[in-house]
Structures are given as structure tokens and as C-alpha cells.
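Peer 1: Provide a 3D model corresponding to the input given below.
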Amino acid sequence: MADGHAAALAGVAADKVRRKRAYARHYWPFIVPAAVVVVAVILFPWIFTLWMSLQEWKLGQGRTFVGLANYERLLHDERFHGSILRTLYFTVLAVVIPVVLGVAAALAFHRKFPLRGLARTIFILPMMATPVAVALVWTMMFHPQLGVLNWILSQFGIPPSLWVYDANTVIPTLVMVEVWHWTPLVMLLVLGGLASLPVDPYEAAKIDGATSFQAFRYITLPLLAPFLMVAIIIRTIDALKTFDTIYVITQGGPGTASETINIFLYLNAFAYYNMGYASAVVVVFFALIILLAMLLLWSRERFKDAV
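Peer 2: Now for the predicted structure:
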């Protein structure tokens, strides 16, 4: 009896194996197109970039294998080092300020008040514009003589500013454009989180006599942590890859005061036609993004423990 039962189980197992093999045999053609796309769009460009980073290659000239010479050059290129620092400086400001303002705006728009829907619509309008159009409008506003911003300052008796034409103010000024453009995105993400929060913890806190700040610190903030991390990750990726806004407004100037890694990469590839050196910059930039991603994941765990 036991032998018969074991034989039946063995037969069922063998039948499952046959079905899996038949499934794989009949459905593998559906996987091949996706695999080809992944290899062609993602894997091949990275392999080709790595290969180019080991070459001394200027467009219109022959290629010469130089090994790690391009990376050694990056180690001693002070202009590249400066572009990394400016990228990090720009990224920190372009992430922290929109997140803080976006949370404040979400808390404000979460409350019920007359014409709230219209106010929300007006607030999110900037993020619907393309970065190039936004950059062109702000370029006119930043003009030292004809720009509307200096005219507004003059109405309050404040001296005019050079805005993007001064090396000391160009990065904060570009961040101001990013803040205006992308704070609504953070607001929408946090607003969605606020709409999903349960009511019971707030009612219990009210009965216990908790203040509004205590309710925000110990209830709202911990519950919003996943939404905040999504907002921070999205903003970090956007800030790191920002190119069009900076290039249209300053082209990396004055001098190299706003030359981020993206601008540095673009100039080496399409102004100096040094494709090998530009490819090495891409590889290092990708490594930097991976490092920041790991740091964000670590920070997320620490943030969850802290709240």
C-alpha cells in the first residue's frame, strides 16, 4: 500500500516536471523579444561605453587602446573634480528645499478651505512645463537690466543681483528654478500619502492632549516616511541628471561656475569630440549614482528606525 502511494507521488512529480518543460518549450519565444530589447537598449550600450572608455578616440580620428589612462587623467583633472562638487552641491539643495517646501504645501493643501481644488491646480502648473521652456522664461527674468526679478527687488529698495551672471550666486539661482519647477511633484506625492493616513491615531492623540506638532512628529511623519523616501529618491535622480535647464540658462558659466558633471560630459563629447575621455566620465558618474543610491537605501533604514 505504501509502495503504491509512493509510486503515485513519484508519478505526480514526474508529471509536473514534464509540464514545466512543455511550458518552457512553448513559451520561450515570448521571452526572446524582451531579452533582445534588454540586451540592445541596456546591456550593449554599457559594454560599448566601457570599451570606449579604454580608448583614446576623437571623432574623425583613429582609435588607440590606452587602458586605464582616461581614468588616471580623471584623477588629476581639477575641472572634473570641481564638476563633481558642483553636482553634489546642486543636488543637495535641489532635493532638500523642494522636499521641505513640498511637505509644507501638502500639509496646507490637505486642509479644507474654499477654492482648494483651484489652488491645487495653480500650484502644480509649473511641473507641466518642459524644462527648456522653463529655462528660457527664467533666463529672461534673470537679466540684470531687463529682468523682472531685479525690478521687483528695486520696488523694495533692494540692490539688483547678477543672478546667474555671478559665480557666487549661479548655483543657488539655478536651484531656485528647480525648486519652482519640481516642488509641486513632491507636494503631490506627499498629498497622496496624507490622503491614505488612518484617522484613529489622530483621534487617540487628541484625547490624550497631544499638540499639533506632536501629532505631526509622532504620527504623520512616521506614516509618511515611505512617501517621503519616494519623493527624495525621485528628486535625487532628477537633480543628478539635470542638464537642459542648466545648459540653456548658463551653458556651464560664468566660466565653469555651474559646470556640473552632465555639462562637463557634454562638452567633452560634443564640443571637444573626445569620446574616449567622455566615456570614462560616464562610467565614473554611474559609479557615483550607485554610491548615492546605496546611501539613500541605508538612510531609509536609519530613518525608519529613528521615527
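
Peer 1: use CA for all of it now, contacts and neighbours both
Peer 2: Will do.

Peer 1: Quick one: the helices in this structure, in order.
Peer 2: For the chain, the helices defined by DSSP state H occupy 2-38, 44-53, 69-75, 78-110, 116-124, 131-141, 148-155, 170-195, 200-207, 212-215, 221-240, 244-249, 261-270, 275-306.

Peer 1: Nearest to Leu59, out of those?
Peer 2: helix 275-306 (7.0 Å; CA to CA).

Peer 1: so where's the stretch 1-150 of the chain shaky on pLDDT?
Peer 2: Along the stretch 1-150 of the chain, segments meeting pLDDT under 70 span 1-28.

Peer 1: now with 80?
Peer 2: The stretch 1-150 of the chain contains residues with pLDDT under 80 at 1-42, 59-60.

Peer 1: Redo the helices of the chain as a markdown table? Include mean neighbour count.
Peer 2: What follows is those, written out as a markdown table (neighbours: other CA atoms under 10 Å):
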| stretch | mean neighbour count |
| --- | --- |
| helix 2-38 | 11 |
| helix 44-53 | 16 |
| helix 69-75 | 15 |
| helix 78-110 | 19 |
| helix 116-124 | 14 |
| helix 131-141 | 17 |
| helix 148-155 | 14 |
| helix 170-195 | 21 |
| helix 200-207 | 13 |
| helix 212-215 | 13 |
| helix 221-240 | 18 |
| helix 244-249 | 20 |
| helix 261-270 | 20 |
| helix 275-306 | 16 |
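
Peer 1: Can you convert the ones you listed into JSON lines and add a column each for distance to Ser161?
Peer 2: Formatted as JSON lines, the helices of the chain follow (distance: least, CA to CA, whole Å):
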{"stretch": "helix 2-38", "distance to Ser161": "49"}
{"stretch": "helix 44-53", "distance to Ser161": "42"}
{"stretch": "helix 69-75", "distance to Ser161": "35"}
{"stretch": "helix 78-110", "distance to Ser161": "20"}
{"stretch": "helix 116-124", "distance to Ser161": "26"}
{"stretch": "helix 131-141", "distance to Ser161": "11"}
{"stretch": "helix 148-155", "distance to Ser161": "7"}
{"stretch": "helix 170-195", "distance to Ser161": "10"}
{"stretch": "helix 200-207", "distance to Ser161": "46"}
{"stretch": "helix 212-215", "distance to Ser161": "37"}
{"stretch": "helix 221-240", "distance to Ser161": "25"}
{"stretch": "helix 244-249", "distance to Ser161": "16"}
{"stretch": "helix 261-270", "distance to Ser161": "24"}
{"stretch": "helix 275-306", "distance to Ser161": "33"}
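
Peer 1: What is the neighbour count of the nearest residue to Pro201 once chain neighbours are set aside?
Peer 2: For Pro201, ignoring the flanking residues on the chain, the nearest one in space by CA to CA, 6 or more residues apart in numbering is Ile219 at 7.1 Å. By other CA atoms under 10 Å, 17 other residues sit near Ile219.

Peer 1: so Ile219 sits right up against Val199, yeah?
Peer 2: No - between Ile219 and Val199 there is no contact under CA atoms under 8 Å: 10.4 Å.

Peer 1: Quick check: pLDDT value at the residue nearest the centre of the chain.
Peer 2: Centroid check for the chain by CA atoms, centre = their mean gives Ile237 as the closest residue, at 1.5 Å. For Ile237, the pLDDT comes out at 88.

Peer 1: Tell me the pLDDT of the residue nearest to Pro201.
Peer 2: Note on Ile219: pLDDT of 87.

Peer 1: about what we covered before: could you check how far the residue nearest to the centre of the chain is from Gly209?
Peer 2: 41 Å (CA to CA, to the nearest Å).

Peer 1: my guess is Ile97 meets Glu178, correct?
Peer 2: No - here Ile97 does not reach Glu178: they are 9.5 Å apart, not a contact under CA under 8 Å.

Peer 1: Please report how far Pro33 lies from Ala278.
Peer 2: Taking CA to CA as the measure, Pro33 and Ala278 are separated by 31 Å.

Peer 1: my guess is Val99 meets Thr183, correct?
Peer 2: Yes - taking CA under 8 Å as the definition, Val99 is a contact partner of Thr183 at 6.9 Å.

Peer 1: what about Leu54, how many neighbours?
Peer 2: Neighbour count of Leu54, defined by other CA under 10 Å: 21.

Peer 1: where does the stretch 201-307 of the chain dip in pLDDT?
Peer 2: For the stretch 201-307 of the chain, applying pLDDT under 80 flags the ranges 297, 299-307.
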